[in-house]
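*Asks:* Got a sequence here, can you model it:
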Amino acid sequence: MRRKRPNVATLDEVRITLQADAAIIEYADERIGTVHFRLGPAVQSMTDQEILDRWNECLRAQERIAAQYEHVAVEVPSGKPQIRYLERSYQWVPRGDVLRCVIDDGGPDGEPVLHVDDHELSWEEFGRLLLTYAGWGMRIVFVPDDELHEAPRIEVREPEER
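*Replies:* A predicted model of the protein is given here:
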């Protein structure tokens, strides 16, 4: 189960414990992830309410920024490389926010292989590439392999039985 994002809370909704320079904020709702909130050594002299007030203000600031943010997905033009290999992390990373690829079943034990540009990525390599967007969402739209460069028409409805 994916954890819910932390939300603005009251003291009766969290348990706060201290480390050297951080507060560990554990929500009573176990579906919400635990937070390690770094405040520096001053955390040792703060009350739980002061810590929670600072945490809640961070969440409110994030909400204000998110409300103003308009995401525009960047698609690398056809013929230009969509991915690049980073030597320091030993992995492929996307150059934009849209990937055009073709799925094949030619990997070991029938695992998927993904073809991006002229590169063949194993299921593991593609998974590591996706991790560069950890925390984001994604939509996957399947199209015929000769229509990768076209944005398909999308209908929101129940699919017909096949």
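*Asks:* Check this structure and tell me which residue is nearest its centre.
*Replies:* The residue lying closest to the centre of the chain (CA atoms, centre = their mean) is residue 135, at 2.2 Å.
*Asks:* per-residue confidence for that one?
*Replies:* In the predicted model, residue 135 carries a pLDDT score of 84.
*Asks:* ok, residue 52 - contacts?
*Replies:* The contact partners of residue 52, by CB atoms under 8 Å, 6 or more residues apart in numbering, come to 9, 10, 11, 14, 16, 25. C-betas here are computed from N, CA, C, even on glycine.
*Asks:* Please tell me how far it sits from residue 70.
*Replies:* 31 Å (CB to CB, to the nearest Å).
*Asks:* And the residue of the chain positioned farthest from its centre, how far from residue 23?
*Replies:* Ranking residues of the chain by C-alpha distance from their mean position (CA atoms, centre = their mean) puts residue 45 at the top, at 34.6 Å. When distance is defined by CB to CB, residue 45 is 12 Å away from residue 23.
*Asks:* Any chance you could list what contacts stretch 96-108?
*Replies:* For stretch 96-108, contacts defined as CB under 8 Å, 6+ apart pick out 73-76, 82-83, 111-116, 122-123, 145, 148-149.
*Asks:* Show me the residues you listed that map onto strands.
*Replies:* Counted as lying in strands by DSSP state E, out of these, are 83, 113, 114, 115, 116, 122.
*Asks:* Pipe those residues into JSON lines and attach neighbour count and pLDDT per row.
*Replies:* Supplementary listing: these in JSON lines, determined by neighbours: other CB atoms under 10 Å; pLDDT from 0 to 100:
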{"residue": "83", "neighbour count": "21", "pLDDT": "98"}
{"residue": "113", "neighbour count": "18", "pLDDT": "96"}
{"residue": "114", "neighbour count": "19", "pLDDT": "97"}
{"residue": "115", "neighbour count": "15", "pLDDT": "97"}
{"residue": "116", "neighbour count": "19", "pLDDT": "97"}
{"residue": "122", "neighbour count": "14", "pLDDT": "96"}
